[in-house]
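J.: I'd like to go over a predicted model; first the sequence, then the structure.
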Amino acid sequence: MSKVIQNGRIVSSDWQIVTVAEGEEAAAVAIPAGRVIVPLAAWLARRDELAARGDVGVWFASNEGPEALAADIARMPVIAVNFPKFVDGRGYSTAVLLRTRYGYTGQLIAFGDVLRQQFNYLSRCGFDTLQPREGRYSDAELDAAVANLNDYTEPYQASVLHPQPMFRRIARAGAKA
């Protein structure tokens, strides 16, 4: 079990992320028992088998969008988005699309090269679970990261958590109604 930050708390996760080795076909990847999150390509290739099994989620690579899963999004208990490098921000857009356009309300995980400095904004984009690379942070560093999640309680920009920008959320004295 890996440690993740879920809804502002450190918890152990029993979801196992299944990866496909380079040169391996997604349709042929071995899927272990238990709660698993499979690559989008594996889901698309083996949809009926995996759907019948239950406790299966899907993860998106940074170059994949949620439109490929549109018909199945509502049935997913968990969706994850891989951040292969901290400079690759496409996963933020995927999260916003899942939460706003596709109405996804289940668990949404950011995993891979997610850094402590990004945790607040990842949460604002709709991720409720943050899973840094195994061994990236000590328990004390994760505790400190959780404490910093709410450092910015009133962000200026609109986001999934705050659909209106600050100037629309805050009433000022003397402002016209």
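T.: That came through, no problem.

J.: hey, let's count contacts and neighbours off CA atoms from now on
T.: Will do.

J.: got the CA positions of the lowest-mean-pLDDT helix or strand in the chain in CSV?
T.: In the chain, the helix or strand scored least confidently by mean pLDDT, DSSP states H and E is helix 166-169, which has a mean of 75. Presented in CSV, the C-alpha positions along helix 166-169 are these (Å, rounded to 0.1, in the frame of the first residue of the first chain):
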residue,chain,number,x,y,z
MET,A,166,-12.0,36.5,-6.5
PHE,A,167,-13.5,39.8,-7.7
ARG,A,168,-16.8,38.0,-8.2
ARG,A,169,-16.7,36.1,-4.8
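
J.: Check what pLDDT Gly135 gets.
T.: At Gly135, the pLDDT value in this model is 82.

J.: Give me the neighbour count for it.
T.: For Gly135, the count of nearby residues is 9 (other CA atoms under 10 Å).

J.: where does it sit relative to Ala95, distance-wise?
T.: Using CA to CA, to the nearest Å, Gly135 is found at 25 Å from Ala95.

J.: do the same with Gly106
T.: From Gly106 to Ala95 the distance is 12 Å (CA to CA).

J.: who has more neighbours, these two?
T.: More crowded of Gly106 and Ala95, by other CA under 10 Å: Ala95, with 28 against 17.

J.: Spell out the secondary structure type for that one.
T.: Secondary structure, DSSP: H, G, I helix; E, B strand; the rest coil: Ala95 is helix.

J.: for it, what are its contacts?
T.: By CA atoms under 8 Å, 6 or more residues apart in numbering, the contact set of Ala95 is 81, 108, 125-127.

J.: Among the residues you listed, which one lies nearest to Gly54?
T.: Nearest to Gly54 among those is Leu108, at 17.3 Å by CA to CA.

J.: ok now do the closest one, which residues does it touch?
T.: For Leu108, the contacting residues are 78-81, 95, 126-129, by CA under 8 Å, 6+ apart.

J.: Closest one to Val160 out of those, please.
T.: Distances from Val160 to those, taken by CA to CA, are shortest for Gly126, at 5.7 Å.

J.: residues of stretch 74-91 that come out buried?
T.: For stretch 74-91, burial by neighbour count (16 or more other CA atoms under 10 Å) applies to 76-83, 90-91.

J.: which one of these sits closest to Leu142?
T.: Phe83 (18.3 Å).

J.: How many residues are close by Gly65?
T.: Gly65 has 19 nearby residues by other CA under 10 Å.

J.: With Glu22 instead?
T.: 6.

J.: And for Pro132?
T.: Around Pro132 there are 22 other residues, counting by other CA under 10 Å.

J.: Report pLDDT for it.
T.: pLDDT recorded at Pro132 is 89.
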